[in-house]
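Chemist: Okay, predicted coordinates and the sequence, questions at the end:
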Amino acid sequence: MKIGQRWPENEMQECKVIFSRALSTILILTLCISTIAEVAKAGLGHGKGADTDVFSEEQPTISGVTVSTNSFSPKNEQAVEISYTLSKAAKVSLKIFDFDDCLARTICLEKPVEAGKQNESWDGKDEKGGIVPDEAYYFTIEAEDSDGDKYLYDPTTSWKMEVCELKASRYRNSEKEYTYEIPEMARVLIRLGIHKGPMLKTLVDWEPRLAGENIEYWNGMDESNLFELWNNNKFSSRISYKGFPENTIISYGNYDTDIKEYKLATMRCCEEKEARDLAGDEERGVFPGFLKTRVYEKSPKVVLELPAFKDVDTPVLSGKTIVRVDVGELDKRIIQEQQFEISFFIDQEFFTEEEQGYFPYNWQWDLSELHEGEHILTVNVASFRGLVGTASRKVIVRK
């Protein structure tokens, strides 16, 4: 055939048929190879022989995990019901953990369970039978079927850890209520103070709260109850929160147990959860604060003393005097493991600081530059990990 000559119609049709058949053969071969590869992969994944019919078995799952309530009071003999559905009969272990991944309670261990919907109950007690501290807890469900296949429910493996800021809040002094709304169940921090001045009150100290409107009682005063803070024209508030994973359970009402004392007594001997692969930390926005124990999030209780005037509420001062800053023994054990600084403010204005803090810290206060009359001395103890404690003293200066 010459260039430019038209191809005969009968030969063109024959070529089309041959090409179509060849293409169909290639597609069928590709599909067969892909199917064989998937079958081999599934068989190897289950650890079974090549002659096993992998399509005859249902992939085991844990689904429909719910809790009857997200908050309860074990002190008032309340309990929380945990429900889930198994696709196959299996041996099940259900464990309660705090957010330091320390075991709080084993509800069941390798318990034979049939397929279908299941229910377990937690009464808010720990392994020793004591009521757990007021805190947030989560649970894991592990199952192993008769074929040795293991499957897991752990809400923390896909938990997006990030700190968010909340702008809107309101305070009604007549009701002594500080109100704010969070979009999800979360751990909340509320600090109140003076704009470009001292932090003067920790209202909520990284404590668990439910989604929606929350109301905190506040008398409008500073941490030391010396003066009204809410009506200061430079009053400033900051609300931070860190959302919880699904099915988090908050316990409340146990006012007899201090979380710091409980954790320091148990954290060194607690059974920790097995380490598991998480979603990429960069994608989940992991904040460093999530990687430390809850004990290291609690603000220290600061003690501000004038040793020469221990028994005087409002001392009259002149010349120079010694000011002593300290914290309780429990807080000292925690904060001295960190680097921290001590800052002094007079009448809410910055005065001086010690960048390498230690306890007890003695500072010689020269009052010669202060005018006569009443003044407020405030100290902030701030660690580089974000802990801040505050205390104030009222004094009268005489020349």
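Modeler: Looks like it came in fine.

Chemist: Could you export the one helix or strand residue 342 maps to as CSV, CA atoms only?
Modeler: In this structure, residue 342 sits in strand 340-346 according to DSSP states H and E. Below are the C-alpha coordinates for strand 340-346, written out as CSV (Å, rounded to 0.1, in the frame of the first residue of the first chain):
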residue,chain,number,x,y,z
PHE,A,340,11.6,28.4,86.6
GLU,A,341,11.7,32.1,87.3
ILE,A,342,10.2,34.3,90.0
SER,A,343,8.8,37.7,89.1
PHE,A,344,7.7,40.5,91.4
PHE,A,345,5.0,43.1,90.7
ILE,A,346,4.0,46.2,92.8
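
Chemist: Helices of this structure, residue ranges please.
Modeler: For the chain, the helices defined by DSSP state H cover 9-45, 259-266, 281-284, 329-335.

Chemist: Just the CA atoms of the second one, as PDB, please.
Modeler: Taking C-alpha atoms only, helix 259-266 is exported to PDB below (Å, rounded to 0.1, in the frame of the first residue of the first chain):
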ATOM      1  CA  ILE A 259      -4.900  14.300  92.300                       C
ATOM      2  CA  LYS A 260      -1.300  15.300  92.900                       C
ATOM      3  CA  GLU A 261      -0.900  13.100  96.000                       C
ATOM      4  CA  TYR A 262      -2.600  10.200  94.300                       C
ATOM      5  CA  LYS A 263      -0.500  10.400  91.100                       C
ATOM      6  CA  LEU A 264       2.800  10.800  92.900                       C
ATOM      7  CA  ALA A 265       2.000   7.800  95.100                       C
ATOM      8  CA  THR A 266       0.900   5.600  92.200                       C
END
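
Chemist: who does the strand holding residue 342 pair up with?
Modeler: Here strand 340-346 has these sheet partners by DSSP bridges: strand 349-354 (antiparallel), strand 373-383 (antiparallel).

Chemist: what sits against residue 63?
Modeler: Residues in contact with residue 63 (C-beta atoms under 8 Å, 6 or more residues apart in numbering) are 84-85, 87. C-beta here means a position set from N, CA and C on the backbone, and glycine is covered the same way.

Chemist: Just among these, which is most surrounded?
Modeler: Greatest neighbour count in those, by other C-beta atoms under 10 Å, goes to residue 84: 21 neighbours.

Chemist: quick one: it and residue 140 touch, right?
Modeler: No - in this structure, residue 84 is not within contact of residue 140 by C-beta atoms under 8 Å, at 11.1 Å.

Chemist: what sits in contact with each of the two?
Modeler: With C-beta under 8 Å, 6+ apart, residue 84 and residue 140 have common neighbours residue 153.

Chemist: From residue 394, how far off is residue 235?
Modeler: For residue 235, the distance to residue 394 (C-beta to C-beta, to the nearest Å) stands at 19 Å.

Chemist: what about these two, which has more around it?
Modeler: When residue 235 and residue 394 are compared for neighbours, residue 235 comes out ahead with 17 against 14, by other C-beta under 10 Å.

Chemist: Can you tell me which of the contacts of residue 63 lies closest to residue 345?
Modeler: When the contacts of residue 63 are ranked by distance to residue 345 (C-beta to C-beta), residue 84 comes first, at 53.4 Å.

Chemist: How about that closest one, nearest residue that isn't a chain neighbour?
Modeler: Of all residues beyond its chain neighbours, the one nearest residue 84 is residue 65 (4.6 Å), with distances taken as C-beta to C-beta, 6 or more residues apart in numbering.

Chemist: swap in residue 173?
Modeler: Using C-beta to C-beta, 6+ apart, the nearest residue to residue 173 is residue 220, at 5.3 Å.

Chemist: Now do the strand holding residue 342, average pLDDT.
Modeler: Strand 340-346 carries an average pLDDT of 97.

Chemist: buried sites along that strand?
Modeler: Across strand 340-346, burial judged by 16 or more other C-beta atoms under 10 Å covers 340, 342-346.

Chemist: ok so, going back, residue 253: which of the contacts of residue 63 is nearest?
Modeler: Nearest to residue 253, judged by C-beta to C-beta, of the contacts of residue 63 is residue 84 at 26.5 Å.

Chemist: where in the stretch 251-399 of the chain is pLDDT low?
Modeler: By pLDDT under 70, the low-scoring segments of the stretch 251-399 of the chain are 267-269, 276-293.

Chemist: Apply 90 and report the result again.
Modeler: 258-298, 310-311, 329-339, 356-357, 384-386, 399 (pLDDT under 90).

Chemist: quick revisit: residues in contact with the strand holding residue 342: which ones?
Modeler: Everything outside strand 340-346 that qualifies as a contact, by C-beta under 8 Å, 6+ apart, is 197-198, 323, 325, 350-357, 361, 363, 365, 370, 375-384, 387.

Chemist: Please state the offset of that strand from the chain centre?
Modeler: 28 Å (C-alpha atoms, centre = their mean, to the nearest Å).

Chemist: hang on, the earlier thing: I figured the residue nearest to residue 84 hits residue 83, correct?
Modeler: Yes - using C-beta under 8 Å, residue 65 is in contact with residue 83, at 7.2 Å.

Chemist: now, of the strands paired with strand 340-346, which is deepest in the fold?
Modeler: Stretch with highest mean neighbour count among the strands paired with strand 340-346: strand 373-383 (a mean of 20; mean count of other C-beta atoms under 10 Å).

Chemist: returning to what we had before: could you dump the contacts of residue 63 to JSON lines with distance to residue 244 and pLDDT?
Modeler: Converted to JSON lines, the contacts of residue 63 look like this (distance: C-beta to C-beta, whole Å; pLDDT from 0 to 100):
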{"residue": "84", "distance to residue 244": "19", "pLDDT": "97"}
{"residue": "85", "distance to residue 244": "23", "pLDDT": "96"}
{"residue": "87", "distance to residue 244": "27", "pLDDT": "93"}
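
Chemist: for those, which one is nearest residue 204?
Modeler: For those, the closest approach to residue 204 (C-beta to C-beta) belongs to residue 84, at 32.4 Å.

Chemist: Could you pull up the contacting residues of the closest one?
Modeler: Applying C-beta under 8 Å, 6+ apart, one finds that residue 84 lies in contact with 62-66, 117-118, 141, 153.

Chemist: All set now, cheers.
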